[in-house]
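only geometry, no sequence info:
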């Protein structure tokens, strides 16, 4: 247990990290904090004495208490074998001076994420930067940091993910959480999100101090026939039975970048003007095809882990077999509207595997002067 001394006019209060207060050596009452981050001395007789103080995290990520002249009163990490505990609740920082004790107090400030993935908090106009990293395998906004002696801490903010695309076609990610007063705030993450092709799930991944960190956004990936990539993020429950992450869905407009129906499927994210940007999103899987009347639909099949099992999803795109090049060559013509290029693939480009379906197609040239009947057995 650590102690610190506060003065109000000519009165001195001796406080400890169990929340108790003495005056002139005798038990006087307890202390807590107000919504404007003052320390409130509460006497047993019901009196309340507010005292202005300064709160900050030092360069070792340690919470410190100072007086208004910036004189150090207490470093909450300085007592051997006593480790504090931190929690975030609607943007309010809850501090347990000793993780093994029940006493806690609250600090209110403005939170932000810096371009270098540091978390900052501004308490009464004094900004502290907490050097750490955001990382979680189950979609949570969980910020990890350490103090000077490498005690680990993490702050979990409760809320929901939002996705936007900037003017350059960069798919961005932010985390929205509710404040105590019912308003909301967001952490905008500095880099782009991408698809982990090993999982076929969206991730936010970055490097800091030569280490790779990531947030795995656990959810369901899908692609519409007009190349809108949709992603449904799963609801994540807390250990206490509440909700850490709300279930949400976002959508990214994209352009197919494949030139052949083989390998992985890749897309270029569209910019605000509807043109293709430079950011590539890829999905691991294989192309397939399904007949229907005198048409064939080309598709892409991929797998995702869902609740411990592998779920297969097939995205079907419209296409047709036509006669081209003076009616001498059969081609696959794959056309999509909305400024997406037409993809033409000859039969020789299609890598046939074992025959799985037999279908008869009658192809006409368009003016009726020639038609070709072919029997297809195919699997891309």
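Here it is on my side, so go on. The model shown is predicted, which means the values in this text are computed figures rather than measured ones.

Which helix or which strand is home to the nearest residue to residue 140 once chain neighbours are set aside?
Sequence neighbours aside, residue 244 is the residue nearest to residue 140 in space, at 5.1 Å (criterion: C-beta to C-beta, 6 or more residues apart in numbering). C-beta here means a position set from N, CA and C on the backbone, and glycine is covered the same way. Element membership of residue 244 [criterion: DSSP states H and E] is strand 243-245.

That strand: what's the following helix or strand?
strand 248-256.

Report all helices and strands that that next one contacts.
Taking 3 or more C-beta pairs under 8 Å, 6 or more residues apart in numbering; DSSP states H and E as the contact definition, the neighbouring helices and strands of strand 248-256 are strand 159-165, strand 228-233, strand 265-270, strand 276-283.

and residue 182, backbone torsions?
Main-chain torsions, residue 182, degrees, to the nearest 10: phi 90, psi -10.

Number of residues surrounding it?
Residue crowding around residue 182 was assessed by other C-beta atoms under 10 Å; the count is 7.

cool, and residue 104?
Neighbourhood size, residue 104 [other C-beta under 10 Å]: 17.

With residue 11 instead?
13.

My guess is it contacts residue 24. True?
No. When contacts are counted by C-beta atoms under 8 Å, residue 11 is not listed as touching residue 24 (9.1 Å).

which stretch among the helices and strands packed on strand 248-256 comes nearest residue 218?
Between residue 218 and the helices and strands packed on strand 248-256, the shortest gap by C-beta to C-beta is with strand 228-233, which sits at 7.0 Å.

What strands line up against that closest one, and which way round?
The strands that strand 228-233 pairs with in its sheet are strand 219-223 (antiparallel), strand 248-256 (antiparallel) (by DSSP bridges).

and the longest one with strand 276-283, angle?
Think strand 248-256. Counting by axes from the mean of the first three to the mean of the last three C-alpha atoms, to 10 degrees, strand 248-256 lies at 110 degrees to strand 276-283.

just to revisit the earlier point, any chance of the strands paired with strand 228-233 in a markdown table with distance to residue 141 as columns?
A markdown table is the format used below for the strands paired with strand 228-233 (distance: least, C-beta to C-beta, whole Å):
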| stretch | distance to residue 141 |
| --- | --- |
| strand 219-223 | 15 |
| strand 248-256 | 13 |
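
can you redo the ones you listed as a markdown table with distance to residue 107 and mean pLDDT?
As requested, the strands paired with strand 228-233 are arranged in a markdown table below (distance: least, C-beta to C-beta, whole Å; pLDDT from 0 to 100):
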| stretch | distance to residue 107 | mean pLDDT |
| --- | --- | --- |
| strand 219-223 | 33 | 94 |
| strand 248-256 | 29 | 92 |
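
so can I have CSV of those showing distance to residue 266 and mean neighbour count?
Rendered in CSV, the data for those read as follows (distance: least, C-beta to C-beta, whole Å; neighbours: other C-beta atoms under 10 Å):
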stretch, distance to residue 266, mean neighbour count
strand 219-223, 11, 20
strand 248-256, 8, 19
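
To residue 65, which of the ones you listed lies closest?
With C-beta to C-beta as the measure, strand 248-256 is the member of those nearest residue 65 (38.7 Å).

ok, back up a step: neighbouring contacts of the strand holding residue 244?
138-141, 156, 158-161, 233-238 (C-beta atoms under 8 Å, 6 or more residues apart in numbering).

least trustworthy position among those, going by pLDDT?
The pLDDT minimum for these sits at residue 238, where the score is 87.

State the distance from the nearest residue to residue 286 once chain neighbours are set aside to residue 284.
In space, not counting the residues next to it along the chain, residue 286 is nearest to residue 301; the distance is 5.8 Å by C-beta to C-beta, 6+ apart. The gap separating residue 301 from residue 284 is 11 Å, by C-beta to C-beta, to the nearest Å.

again, but for residue 168
Using C-beta to C-beta, we find residue 168 at a distance of 26 Å from residue 284.

ok so, going back, which one, of the strands paired with strand 228-233, ends up nearest to residue 213?
Proximity to residue 213 (C-beta to C-beta) singles out strand 219-223 among the strands paired with strand 228-233, at 19.3 Å.
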